[in-house]
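[1] coords please:
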Amino acid sequence: MRRRARFACPRRAAHDIESSRLLDSIWNKTRPPSVAAVAGDGPGEFSMNPRLRSVAAITAFLSLAGAWPAAASIVINVGAGVLQPDENLLFNNNPPAGLAIEGQTNQTSTLVTIEGGETLAPSGGQARLDAADGFLSSTFTFRGFAGQLAGFDLSDPALAFNETEFRLFGGTATEVTLTFVDTQGEVFQETFGIPANGFFNAGTLDGQLINFFSIAANGTIGDIRQIRIGGIQAAVPEPATWTMMILGFGAAGAMLRARRRLAYA
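    Numbers count the residues shown, from 1 in each chain. Alright, predicted model coming up:
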C-alpha cells in the first residue's frame, strides 16, 4: 500500500506563526506576576515552550473572562402583590430603638438588620419601621452609598435573598431612589415617583441573589411597612461564576503539569 507523502503547507505554517504571536501577545499583556513566577520567565520576552505557552495564554484569557459580570439582573419596580415574597419581616423580638435595629422573618426566623440616619423605632406585628421623631428624614451613608434614609441587610453575611416588597407611607417625599447590590457587588439603581399605594418590589433573574438594598428620597417618609423578603438562601456564586472558576482551575492545572514535564525532559 502506498502512503501519500505529506508536505508542509506554507500557508498553514504562516498561520501557525501568526497564532503563536497572538498567544504571545495575550500572555505578555495579561499574565499575573504570580503566574510569571511559576512559569519561570521574567517581565521581558516570552520564553516558554509553545505547548506550555498555549495553555498559559488560555489561562490568562480565562482570568479576564472571569472578570466579566454574569448575565443576570435585579428588576426593581412599583406595585403590590407582584412578587409576593414568602416571608414577612416582624419586630416581635422587641428590638430596642437605635440607629440600627434587628427584626426577624416569620418563617425561618432569619435576622434582618435595618439601619438609618436617626433613631429608628420599630413597631411589632406586621413590621412597621418608624423614626423616633415620626418621620424618616436624616440621611446617612449605607455600605458606601450616601444620602440614604434606610438600609436593609441580612444579619448573617453568609445569607442572601432573591426578592422583596415593601410600602412607603406618609411624609413629604414624591420621588424615591432604590439601590440594590447583588452578591457579586453589581449595583442596580432606579428612581421612581412614589405611587398612591406606596408599594415597591424587586426580584432577581438568572439565579442572582440580593446582598442588601437601601432607600433614598427627595423628602421625608412617614414609615416603611409591610416589608416582605423571599428566597433566603446561602450566598453561593452564580452558575456562570462557577463555570469560569472550574475552567480556570483546570487550565492552571494543565499549565503546571506541562511545566513539570518540561522539567523532566
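[2] contacts, neighbours, all on C-alpha from now
    Fine.
[3] what about the strands in the stretch 101-250 of the chain?
    Ranges of strands in the stretch 101-250 of the chain, per DSSP state E, counting those that start in this stretch, are 111-123, 128-131, 140-142, 145-148, 150-154, 159-160, 163-169, 175-182, 187-193, 199-205, 210-217, 223-230, 233-234.
[4] among those strands, which comes closest to Pro96?
    strand 111-123 (7.6 Å; CA to CA).
[5] in PDB, could you pull the C-alpha coordinates for the closest one?
    Extracted C-alpha coordinates of strand 111-123, given in PDB (Å, rounded to 0.1, in the frame of the first residue of the first chain):
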ATOM      1  CA  LEU A 111     -32.500  38.100  61.400                       C
ATOM      2  CA  VAL A 112     -32.500  41.300  59.300                       C
ATOM      3  CA  THR A 113     -30.600  44.500  60.200                       C
ATOM      4  CA  ILE A 114     -32.100  47.900  59.300                       C
ATOM      5  CA  GLU A 115     -30.000  51.000  59.600                       C
ATOM      6  CA  GLY A 116     -30.900  54.700  59.500                       C
ATOM      7  CA  GLY A 117     -29.500  58.100  59.900                       C
ATOM      8  CA  GLU A 118     -31.600  58.700  63.100                       C
ATOM      9  CA  THR A 119     -33.100  56.700  65.900                       C
ATOM     10  CA  LEU A 120     -35.300  54.000  64.500                       C
ATOM     11  CA  ALA A 121     -38.400  52.900  66.500                       C
ATOM     12  CA  PRO A 122     -39.700  49.600  65.300                       C
ATOM     13  CA  SER A 123     -43.400  48.500  65.700                       C
END
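[6] list of residues touching that strand?
    Residues from elsewhere that reach strand 111-123 (CA atoms under 8 Å, 6 or more residues apart in numbering): 89, 91, 94-105, 128-132, 136-140, 142, 148-156.
[7] got the angle for that strand vs strand 150-154?
    Taking axes from the mean of the first three to the mean of the last three CA atoms, to 10 degrees, one finds strand 111-123 and strand 150-154 inclined to each other by 140 degrees.
[8] can you tell me the strand partners of strand 111-123 and which way each runs?
    strand 98-105 (antiparallel), strand 128-131 (antiparallel), strand 150-154 (antiparallel) (DSSP bridges).
[9] quick one: mean pLDDT over the second one.
    Going back to what we said before, that points to strand 128-131. Mean per-residue pLDDT for strand 128-131: 92.
[10] same deal with the longest one?
    For strand 98-105, the mean pLDDT works out to 96.
[11] over to stretch 148-159?
    For stretch 148-159, the per-residue pLDDT averages 98.
[12] CA atoms of it as PDB?
    Taking C-alpha atoms only, stretch 148-159 is exported to PDB below (Å, rounded to 0.1, in the frame of the first residue of the first chain):
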ATOM      1  CA  GLN A 148     -29.800  57.100  52.200                       C
ATOM      2  CA  LEU A 149     -32.800  57.200  54.600                       C
ATOM      3  CA  ALA A 150     -32.800  53.400  55.400                       C
ATOM      4  CA  GLY A 151     -30.700  50.300  54.500                       C
ATOM      5  CA  PHE A 152     -31.600  46.700  54.800                       C
ATOM      6  CA  ASP A 153     -29.200  43.700  55.100                       C
ATOM      7  CA  LEU A 154     -29.500  40.100  56.300                       C
ATOM      8  CA  SER A 155     -27.600  40.000  59.600                       C
ATOM      9  CA  ASP A 156     -25.800  36.800  58.600                       C
ATOM     10  CA  PRO A 157     -23.300  37.700  55.800                       C
ATOM     11  CA  ALA A 158     -23.400  34.100  54.500                       C
ATOM     12  CA  LEU A 159     -27.100  34.600  53.500                       C
END
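[13] Throw together a PyMOL command that grabs the buried residues out of the contacts of strand 111-123.
    Of these, the buried ones go into a single PyMOL selection, burial set by 16 or more other CA atoms under 10 Å:
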select buried, resi 89+91+95+97+98+100+101+102+103+104+105+128+129+130+131+136+137+138+139+140+142+148+149+150+151+152+153+154+155
